[in-house]
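Novice: Whatever this is, show me its structure:
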Amino acid sequence: MKTAHTKDWVQQLLMRAGADAALVNLGLLVALVLRIILPAAASASVGDTVRGPFITVYLGNAALLTIVSLVVFYLNGFYTYGRAYRSRFKIAIVIQAVSLSFLLFGFLNYFFLGQLNLPRGALVLAWPATITLLVVSRIWASLWTQVQQVDSRLLATQPRRIQTVLVIGGAGYIGSALLPKLLSEGYQVRLLDLLLFGEEPIRDVIPHPRLEIFQADFRRVDAVVAAMHGVDAVVHLGAIVGDPACSIDENLTIEVNVNATHMIADVAKASKVERFVFASTCSVYGAGDEILDELSAPAPLSLYARSKLSCERGLETMCDSHFAATILRFGTIYGFSGRIRFDLVVNLLTAKAKFDGEITVHGGDQWRPFLHVDDAARSIMQVLRAPKQLVNRQIFNVGSNRQNLTVRQVAEIIRERVPAQMVINDTLTDPRDYRVNFSKIEKVLGFEPRWTVEAGVEQVLEAIASGRIEDYREARYSNELYLKDTRGARFAQEGDNAFRSHFETLDAT
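Specialist: The predicted structure is shown next:
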């Protein structure tokens with residue numbers, strides 16, 4: 001029984017032999033035209049008296065010349081790629097084989113058929129014509145093969161185009177702003193999320209044909225492996241976010257923010273995912289009098305910030321030419337996305353001013369770098385669009401130099417729009433105090449935020465005025481309060497089971 005390999009070899013042999021047969025016949029035709037047709041044309045006697053002998057001579061010689069040539073070519077390794085034919089003297093082998101073919105053809109014609117049924121002039125012309133055609137065809141084939149090899153090498157060294165993006169924790173605050181942007185730009189989007197806050201944050205995009213939803217805990221290695229299949233880039237947004245929420249259960253925070261991230265990155269690299277975007281925070285800077293940039297030494301003051309910094313350092317050690325991780329340190333975020341939060345400075349103070357007629361500021365002189373959630377999502381898009389070598393093993397502060405503001409300045413912006421009493425509490429409940437330089441992301445990626453704190457305050461006020469927000473104190477608007485309720489407790493319990501299964505799997509391997 002013939003194998004597929006044998007069939008392919010036979011097909012290739014027949015194709016090459018057919019091409020050579022056509023070139024041999026073309027060489028003969030060229031010779032006959034030069035020897036019979038052109039002299040007759042010069043004497044203006046081209047007609048049936050010339051065409052008849054031309055056709056007769058061609059048909060009387062083409063078959064024998066073709067058979068003799070193909071046999072000689074085969075014996076010289078043209079189709080079996082013998083050692084001599086594969087050497088650098090290939091052209092000499094071609095010349096030798098064609099010359100031998102014509103000698104054998106003349107011998108057979110003269111000694112077996114009784115005469116040379118081809119004008120000697122045509123025979124002399126057909127020999128170099130055939131040599132030229134066969135040599136040129138081999139040179140062309142060799143050059144074309146080299147071009148294809150160069151193209152293949154170039155394609156192999158270029159990163160594949162990002163088509164499918166996995167967003168982990170994509171139904172949350174930043175993720176619900178990111179998903180519509182990814183879909184609008186034509187990406188295939190896969191969402192891995194427990195949907196702890198329900199489907200409401202992503203309600204508008206759920207029917208989209210290019211969105212695939214994996215409702216599962218991202219701490220489960222089996223869920224991550226399944227969601228990672230066929231993915232080009234991973235955007236990891238999943239975490240317990242904020243100092244108060246992280247302080248509820250330190251073990252849970254480490255499990256979710258650190259252990260899960262390391263596992264997800266391991267799976268991504270093993271799955272040959274080329275791009276990995278990790279959501280970190282400017283909170284890693286802690287406190288400082290100077291304006292801090294990506295080269296400044298981190299000084300995290302909270303478990304949340306320490307957990308993010310731990311992930312950053314782990315990802316940096318994993319980067320290579322095939323796995324490009326990018327770390328985005330987001331400023332203090334404000335504004336609305338699919339999931340609304342009122343445990344953030346700008347949103348919270350605006351809601352308190354509108355509902356309570358009072359703005360309570362603790363301390364007030366602490367600096368914060370502010371960033372709208374929509375701009376946070378835009379920065380992720382900018383990283384995905386950028387060439388891999390530009391963002392590999394890079395940390396970018398995400399924000400605007402113009403939005404380095406004190407908490408008191410934010411309160412003043414709100415009070416300009418809402419007649420509320422400002423209450424200054426000297427008790428400093430949050431020691432973070434830092435200003436950040438955002439020049440790198442602007443210079444390298446051309447990213448600049450479009451929103452301002454003033455516009456973000458107006459957005460919150462419009463949502464309240466429209467009746468969309470009835471009570472900003474509801475647990476669903478706060479990470480801390482939500483994790484303390486029944487669903488949050490279930491989340492922690494499921495995580496214990498998921499990680500126990502994960503470590504048992506690692507032990508087995």
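Novice: Looks like residue 393 contacts residue 317 (just checking).
Specialist: No. Applying CB atoms under 8 Å, one finds residue 393 not in contact with residue 317, separated by 9.7 Å. In this view, the C-beta of every residue, glycine as well, is placed from N, C-alpha and C.
Novice: more crowded one of those two?
Specialist: Set residue 393 next to residue 317 and count neighbours by other CB atoms under 10 Å: residue 393 wins out with 16 against 10.
Novice: Excluding chain neighbours, what is closest to the more buried one?
Specialist: Closest residue in space to residue 393, ignoring its immediate chain neighbours: residue 319 at 4.2 Å, by CB to CB, 6 or more residues apart in numbering.
Novice: So, low pLDDT: which residues of the stretch 51-200 of the chain?
Specialist: By pLDDT under 70, the weakly predicted segments of the stretch 51-200 of the chain are 51-54, 81-89, 112-117, 145, 148-160.
Novice: Would you mind splitting this structure into its domains for me?
Specialist: What the record gives for the chain is the domain set 4-157, 164-508, from automatic domain parsing.
Novice: Any idea which of the ones you listed has the lowest pLDDT on average?
Specialist: Least confidently modelled of these is domain 4-157, at a mean of 75 by mean pLDDT.
Novice: before we move on, back to that, return the most buried member of the domains of the chain.
Specialist: Using mean count of other CB atoms under 10 Å, the stretch among the domains of the chain with the largest mean neighbour count is domain 164-508, at a mean of 19.
Novice: So what does the closest residue to residue 299 other than its chain neighbours look like in phi/psi?
Specialist: Nearest non-adjacent residue to residue 299, counting by CB to CB, 6+ apart: residue 286, 3.6 Å away. With angles defined as degrees, to the nearest 10, residue 286 sits at phi 70, psi -90.
Novice: measure residue 286 to residue 278 for me?
Specialist: 19 Å (CB to CB, to the nearest Å).
Novice: Return the residues in contact with the residue nearest in space to the middle of the chain.
Specialist: When CA atoms, centre = their mean is applied to the chain, the residue found nearest the centroid is residue 162 (2.7 Å). Taking CB atoms under 8 Å, 6 or more residues apart in numbering, we find residue 162 in contact with 187, 232-233, 274-275, 384.
Novice: out of the residues you listed, which are inside helices?
Specialist: Using DSSP state H, the subset of the contacts of residue 162 located in helices is residue 384.
Novice: Is it possible to get the contacts of residue 162 out as TSV so that each row also shows distance to residue 397?
Specialist: As requested, these are exported to TSV (distance: CB to CB, whole Å):
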residue	distance to residue 397
187	25
232	26
233	21
274	24
275	20
384	18
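Novice: Max pairwise distance over the contacts of residue 162: which two?
Specialist: 187 and 274 (14.3 Å; CB to CB).
Novice: how long is stretch 462-479 from one end to the other?
Specialist: 23 Å (CA to CA, to the nearest Å).
Novice: ok, now stretch 402-416?
Specialist: This stretch, stretch 402-416, spans 19 Å end to end (CA to CA).
Novice: what does it rub up against?
Specialist: Contact with stretch 402-416 is made by 291, 331, 345-346, 349-350, 353, 359, 361-371, 420, 422, 424, 435-436, 449, 452-454, 457, as judged by CB under 8 Å, 6+ apart.
Novice: try stretch 64-83
Specialist: Identification of contacts with stretch 64-83 by CB under 8 Å, 6+ apart yields 13, 16-17, 20-21, 24-25, 28, 84-86, 93, 96-98, 100-102, 104-105, 108-109, 126, 130.
Novice: so where do the strands sit in this protein?
Specialist: In the chain, the strands defined using DSSP state E lie at 164-168, 188-193, 211-215, 233-236, 275-281, 287-292, 324-330, 332-334, 358-362, 367-372, 394-398, 404-406, 421-425, 433-436.
Novice: any chance of these in TSV, with distance to residue 138 too?
Specialist: Below are the strands of the chain laid out as TSV (distance: least, CB to CB, whole Å):
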stretch	distance to residue 138
strand 164-168	43
strand 188-193	45
strand 211-215	50
strand 233-236	44
strand 275-281	43
strand 287-292	65
strand 324-330	43
strand 332-334	65
strand 358-362	83
strand 367-372	63
strand 394-398	49
strand 404-406	69
strand 421-425	87
strand 433-436	64
